[in-house]
Each structure stands twice: as C-alpha cells, then as structure tokens.
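Peer 1: no FASTA, just this:
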C-alpha cells in the first residue's frame with residue numbers, strides 16, 4: 001500500500017492539471033511520482049501501479065459518469081457508483097499499459113526517461129482503445145503558444161512535449177538522488193523543446209491571425225435551447241419551438257446561416273425521399289444546419305442536414321462513431337432485449353461518408369456529438385472530397401447526458417484542438433452547453449455557458465489551405481510504434 005502512494009499522487013496531480021480543474025503547470029510534473037515508483041518494479045508491479053494511477057485520475061475527472069447512469073440508465077445510486085468505479089478502472093488500463101510499455105523499453109534500451117516517456121505515452125494514446133478518448137497534452141490548452149505545434153503532428157505532439165519535460169525532470173531527480181551530475185542532455189532537450197515550441201507558437205499565432213483577417217466571412221449564428229435529453233422525450237416540441245424563436249432572433253441579428261444542435265429537430269423523422277422540410281425552416285427564411293433523425297426502411301441515423309431559406313433539403317451527414325450505451329448497446333445486435341433495460345438508449349445505424357456539407361460556395365466539415373474529440377474522423381471529414389477542403393468545421397452536440405459536472409468543459413477543450421490541427425474555425429452548437437465559436441488558433445472567442453438558453457452570432461472566416469497534420473496524420477504515433485518495433489528486433493538479436 002505504501003508503494004501505491006506514489007501512483008496515487010500522480011493520479012491526483014494529473015486530474016488537477018487537466019480540464020475541469022485546470023492547474024496546467026502540474027502537467028509538467030504529474031508523471032514524476034509514478035516514474036519514481038517504477039524504479040524497482042517488476043513487470044506485474046509496473047502494470048498495477050500504472051493502472052492505479054489511471055484509476056485515481058479518472059476518479060477525480062469523471063464523476064459525471066454517475067449522473068449519466070442514474071438519469072439515462074435508471075440505475076439506483078449504488079449501482080451507478082459501481083458503474084462509475086468500473087468505468088474508471090477500465091479507462092485506467094491505459095496508464096497500466098503505459099507503465100508496462102515504459103518498463104519494457106527501459107529494460108531493453110536503458111535510455112533516459114526524457115526519451116522513453118514520450119515514446120511510451122504517445123504510442124499508448126495512439127493505439128489504446130477508450131470509451132471516452134482523451135489525451136494528456138490537452139492540459140496545456142490554456143497556454144496558446146505551447147499548443148500550436150498540433151498543426152504539425154496533432155494532439156499527440158502536445159502529449160509528447162508534456163512527457164518530455166516530465167522525463168527530463170525525473171532524470172535530474174534520479175541523478176541528484178544518486179549523487180551524480182544533472183543529466184545535461186535530458187534537461188537541455190526539454191528546455192530546447194519548450195523554447196522552440198513557444199517560438200513556433202508565437203510565430204504561428206501571428207500568421208494565422210493574418211490569414212483569418214484576410215479570409216472572406218459569413219455571419220453564422222448558433223442556438224442553444226437548453227433543452228436536455230429528458231425534456232426532449234417528455235415535451236417533444238420544447239426544443240423545436242425554442243429553436244424557431246432563437247432562429248428568428250439570430251435572423252434579426254443578420255445571421256446568414258444558423259446552426260442547431262444535435263437532434264434539435266425531434267418532432268418527426270426525415271425520410272430519404274423528403275425534398276422539403278418547411279417545418280424545420282418555420283417562418284424565418286434563413287438557411288440552417290439542423291440536427292435531425294433520418295430514416296429509411298430498416299435504418300435510422302443521427303444526422304445533420306442543410307435546409308435552405310425555402311425549406312429545401314440539401315446535403316446530409318450521418319454520424320459514424322456511435323456512442324456506446326446511448327446510441328447503441330454493445331451486444332444488442334445479438335440480444336435485442338438488452339434495449340428494454342435502457343429505454344433511452346437508441347439503436348442507430350452508422351454513417352458511411354465523411355463528405356462536407358455544402359451551402360452556397362462554402363463547405364462545412366460536420367461531425368456530431370463526441371466525434372469532435374476523435375482526430376481520425378475529423379481528419380477524414382476535413383480531407384479533400386473532390387472540391388477542396390472544407391472552409392470551416394461544424395459540431396452538433398447534446399451534452400445533457402452528462403449533467404453539470406466537468407464533462408462539458410472537457411468535451412469543449414478536447415474539441416478545440418481540431419481547430420489548431422486543421423487551421424479552421426469550429427462552430428459548435430449544443431443543446432445545453434457549451435456552445436462556442438473557436439478560431440483557427442484554438443482560442444474560444446465566444447461561448448454560451450452551460451445550462452443556459454441563449455444565442456450567439458459571429459463573422460466566421462472561410463479559411464483555405466492545409467497543414468502538415470492534414471497531410472501526414474498521426475505520424476508521432478506511428479513513429480513511436482516504429483521505435484518499439486526496433487527495440488524488440490534489437491532485443492531478439494541480442495538474445496540470439
């Protein structure tokens with residue numbers, strides 16, 4: 001139990017540094033206690049200590065899980081608490097895998113922690129499956145100069161920077177405890193990385209701001225009705241009526257296009273054969289991107305559609321990455337009766353295309369719910385589908401599933417990184433918050449707070465161009481896996 005104190009401290013430092021608490025300087029030291037506990041660990045001990053850190057991390061950061069289970073799965077408090085513990089334990093396995101990978105690489109290479117921790121962390125975050133995907137480096141989002149490197153290699157670059165500093169400090173601590181000189185190479189590498197990252201970030205902030213000012217603009221409005229999932233079921237017209245009123249308000253503020261949240265229009269399904277949706281347009285002749293349910297024989301989709309000022313239906317996007325237990329239940333294909341146990345869980349079909357939504361000459365890369373925190377899906381949506389890359393990104397979300405805890409802020413900040421990766425504005429409309437406009441530097445320039453009914457309108461630059469990340473993708477993840485493969489081959493050769 002005494003040996004678990006260090007991983008416990010790491011877990012506490014981690015969730016305090018991360019979104020919701022936001023004490024971001026702790027991100028540069030949060031792995032030190034775990035690394036200290038691994039000095040004399042055997043493989044099984046390394047795994048258990050890493051897993052324990054991950055368990056504590058999620059205990060502090062994911063308390064909103066209990067609300068979700070109580071309200072939407074109708075679980076009593078003891079069962080919801082048990083589900084919360086199980087989810088934290090499952091999500092914590094990422095850090096168990098990290099500790100095992102770090103221990104193995106340490107044994108095979110004897111490299112300093114400043115090199116090993118970034119490799120292990122990036123590799124694990126790249127390949128380890130999570131129900132709620134997250135990245136340690138997002139803790140650095142409050143410091144815009146340090147996060148601009150995401151346009152070079154994605155969010156994994158932020159985790160690599162954080163891990164490099166943690167590893168260098170551990171190398172220095174280890175040398176000091178052993179009466180040795182401080183490891184010059186490790187500390188120098190971390191200082192150069194921090195200085196270079198800040199310099200690059202400052203330069204990119206200026207260049208991107210110049211590009212934003214020069215781009216043509218469209219006045220876009222977002223509507224947040226503050227109608228949650230429960231109210232959508234008990235009062236079907238609550239969302240639609242509120243959104244129609246808010247759209248009229250945005251039209252009066254000269255919005256050229258209005259974005260509604262996920263399934264904001266819920267009074268009827270849109271059929272594949274439908275060409276008109278005047279009940280979505282209402283009396284306000286302004287185009288909109290609306291969240292709807294689309295249906296075809298035997299199929300149901302969570303979709304976003306374009307409706308023009310005359311009520312004609314244009315392009316649609318169907319959600320691809322469905323949310324487990326909300327939009328489908330694992331195993332439900334084989335045991336349909338499972339859906340009877342969770343009445344608010346849907347049984348949806350997956351979308352098949354990532355093409356952007358078109359309105360006039362503009363293209364909008366669109367994704368629904370938590371797809372905005374999944375880099376691969378957003379990168380596929382932002383790819384050139386034959387007419388050029390999208391000019392802006394749109395996210396339609398319903399975060400009422402998760403209550404008033406940290407989830408809404410966590411979701412927003414995880415999504416903000418996509419703006420930096422692709423150098424596009426993100427227009428985000430949610431049912432209960434947090435709706436926001438995010439510029440191409442990752443700055444939240446305007447937001448509607450959670451659990452509020454409100455609207456916002458902004459002149460959004462229609463950006464062009466591409467980024468190294470869009471071209472090369474998650475190369476830090478592939479590079480880390482390549483180093484592990486190299487270490488394994490070399491260890492096999494030495495063993496022979």
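Peer 2: Nice, I can see it. Source: prediction; values computed, not measured.

Peer 1: Now the strand or helix carrying residue 174: average pLDDT?
Peer 2: Under the criterion DSSP states H and E, the helix or strand holding residue 174 is helix 155-177. Per-region confidence: helix 155-177 scores 92 on mean pLDDT.

Peer 1: Show me what counts as buried in that helix.
Peer 2: With burial defined by 16 or more other CB atoms under 10 Å, the residues of helix 155-177 counted as buried are 155-175. For glycine as for every other residue, the C-beta is placed from the backbone atoms N, C-alpha and C.

Peer 1: Repeat that for stretch 220-230.
Peer 2: Neighbour-count burial for stretch 220-230, with 16+ other CB under 10 Å as criterion, is recorded at 220, 221, 222, 223, 224, 225, 226, 227, 228, 229.

Peer 1: Next: stretch 273-282.
Peer 2: Under 16+ other CB under 10 Å, the buried positions of stretch 273-282 are 277, 280, 281, 282.

Peer 1: how long is stretch 22-42 end to end?
Peer 2: Across stretch 22-42, the straight-line distance between its terminal residues is 33 Å, by CA to CA, to the nearest Å.

Peer 1: returning to that earlier point: now, which of the buried residues of stretch 220-230 lie within helices?
Peer 2: Residues of these located in helices (DSSP state H): residue 229.

Peer 1: ok, back up a step: now render the buried residues of stretch 273-282 as TSV, adding secondary structure, distance to residue 291 and pLDDT.
Peer 2: Formatted as TSV, the entries for those read as follows, by DSSP: H, G, I helix; E, B strand; the rest coil; distance: CB to CB, whole Å; pLDDT from 0 to 100:
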residue	secondary structure	distance to residue 291	pLDDT
277	coil	13	85
280	helix	10	90
281	helix	15	87
282	coil	15	87
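
Peer 1: Who are the contact partners of residue 241?
Peer 2: With CB atoms under 8 Å, 6 or more residues apart in numbering as the criterion, no residue contacts residue 241.

Peer 1: the strands in this structure, which residues?
Peer 2: Along the chain, the stretches classed as strands by DSSP state E are 217-224, 257-259, 270-271, 288-296, 299-307, 313-318, 357-359, 362-368, 392-397, 426-430, 435-438, 444-448, 454-461.

Peer 1: Let me have these in CSV, extended by distance to residue 383.
Peer 2: Formatted as CSV, the strands of the chain follow (distance: least, CB to CB, whole Å):
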stretch, distance to residue 383
strand 217-224, 22
strand 257-259, 22
strand 270-271, 26
strand 288-296, 20
strand 299-307, 18
strand 313-318, 14
strand 357-359, 15
strand 362-368, 9
strand 392-397, 13
strand 426-430, 17
strand 435-438, 20
strand 444-448, 25
strand 454-461, 20
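
Peer 1: With mean pLDDT and distance to residue 139 as new columns, can these be given to me in a markdown table?
Peer 2: Supplementary listing: those in a markdown table, determined by pLDDT from 0 to 100; distance: least, CB to CB, whole Å:
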| stretch | mean pLDDT | distance to residue 139 |
| --- | --- | --- |
| strand 217-224 | 96 | 26 |
| strand 257-259 | 96 | 29 |
| strand 270-271 | 89 | 40 |
| strand 288-296 | 92 | 30 |
| strand 299-307 | 92 | 30 |
| strand 313-318 | 93 | 31 |
| strand 357-359 | 94 | 32 |
| strand 362-368 | 95 | 23 |
| strand 392-397 | 96 | 21 |
| strand 426-430 | 96 | 19 |
| strand 435-438 | 96 | 18 |
| strand 444-448 | 95 | 16 |
| strand 454-461 | 96 | 27 |
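
Peer 1: ok so, going back, which elements pack onto the helix holding residue 174?
Peer 2: Applying 3 or more CB pairs under 8 Å, 6 or more residues apart in numbering; DSSP states H and E, one finds that helix 155-177 makes contact with helix 32-37, helix 113-127, helix 144-147, helix 150-153, helix 184-214, helix 407-422, helix 475-495.

Peer 1: Just tell me which of these ends up closest to residue 447.
Peer 2: Counting by CB to CB, residue 447 lies closest to helix 407-422 out of the helices and strands packed on helix 155-177; the figure is 7.8 Å.

Peer 1: Now do the closest one against strand 362-368: the angle between them, please.
Peer 2: Compare the direction of helix 407-422 with that of strand 362-368 by axes from the mean of the first three to the mean of the last three CA atoms, to 10 degrees and you get 140 degrees.

Peer 1: which strands and helices sit next to helix 407-422?
Peer 2: Packed against helix 407-422 by the contact rule (3+ CB pairs under 8 Å, 6+ apart) you find helix 150-153, helix 155-177, helix 375-381, strand 392-397, strand 426-430, strand 435-438, strand 444-448, helix 468-472.

Peer 1: mean confidence for that helix?
Peer 2: pLDDT averaged over helix 407-422 equals 93, rounded to a whole number.

Peer 1: The closest residue to residue 59 other than its chain neighbours: neighbour count?
Peer 2: Setting aside the residues directly before and after it, residue 59 is nearest to residue 88 in space (CB to CB, 6 or more residues apart in numbering), at 5.2 Å. Taking other CB atoms under 10 Å as the neighbour definition, residue 88 ends up with a count of 20.

Peer 1: And for residue 312?
Peer 2: For residue 312, using other CB under 10 Å, the count is 15.

Peer 1: Please apply the same query to residue 76.
Peer 2: As a measure of burial, residue 76 has 10 neighbours, counting by other CB under 10 Å.

Peer 1: before we move on, what about residue 268?
Peer 2: What residue 268 shows, counting by other CB under 10 Å, is a neighbour count of 15.

Peer 1: Now do the same for it: its pLDDT.
Peer 2: Among the per-residue scores, residue 268 holds a pLDDT of 88.

Peer 1: mind listing what it touches?
Peer 2: Under the criterion of CB under 8 Å, 6+ apart, the contact partners of residue 268 comprise residue 279.

Peer 1: that older thread, which single one of the buried residues of stretch 273-282 is nearest to residue 79?
Peer 2: The closest of the buried residues of stretch 273-282, once distances to residue 79 are taken by CB to CB, is residue 280, at 39.1 Å.

Peer 1: Is residue 304 in contact with residue 397, as I believe?
Peer 2: No. Taking contact to mean CB atoms under 8 Å, the distance of 10.9 Å between residue 304 and residue 397 leaves them out of contact.

Peer 1: In terms of neighbours, single out the busier of these two.
Peer 2: Taking other CB under 10 Å, residue 304 and residue 397 do not tie; residue 304 has more neighbours (31 against 27).

Peer 1: Okay, now the unreliable bits of the stretch 201-350 of the chain?
Peer 2: Flagging of the stretch 201-350 of the chain using pLDDT under 70 yields the residue ranges 324-346.

Peer 1: The stretch 1-150 of the chain now?
Peer 2: Low-confidence regions of the stretch 1-150 of the chain, defined by pLDDT under 70, span residues 1.

Peer 1: how about the helices in it?
Peer 2: 5-17, 32-37, 43-61, 65-72, 77-109, 113-127, 144-147, 150-153 (DSSP state H, counting those that start in this stretch).

Peer 1: Pipe those helices into a markdown table and attach distance to residue 349 per row.
Peer 2: Shown next, in a markdown table, are the helices of the stretch 1-150 of the chain (distance: least, CB to CB, whole Å):
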| stretch | distance to residue 349 |
| --- | --- |
| helix 5-17 | 36 |
| helix 32-37 | 42 |
| helix 43-61 | 31 |
| helix 65-72 | 21 |
| helix 77-109 | 26 |
| helix 113-127 | 27 |
| helix 144-147 | 36 |
| helix 150-153 | 32 |
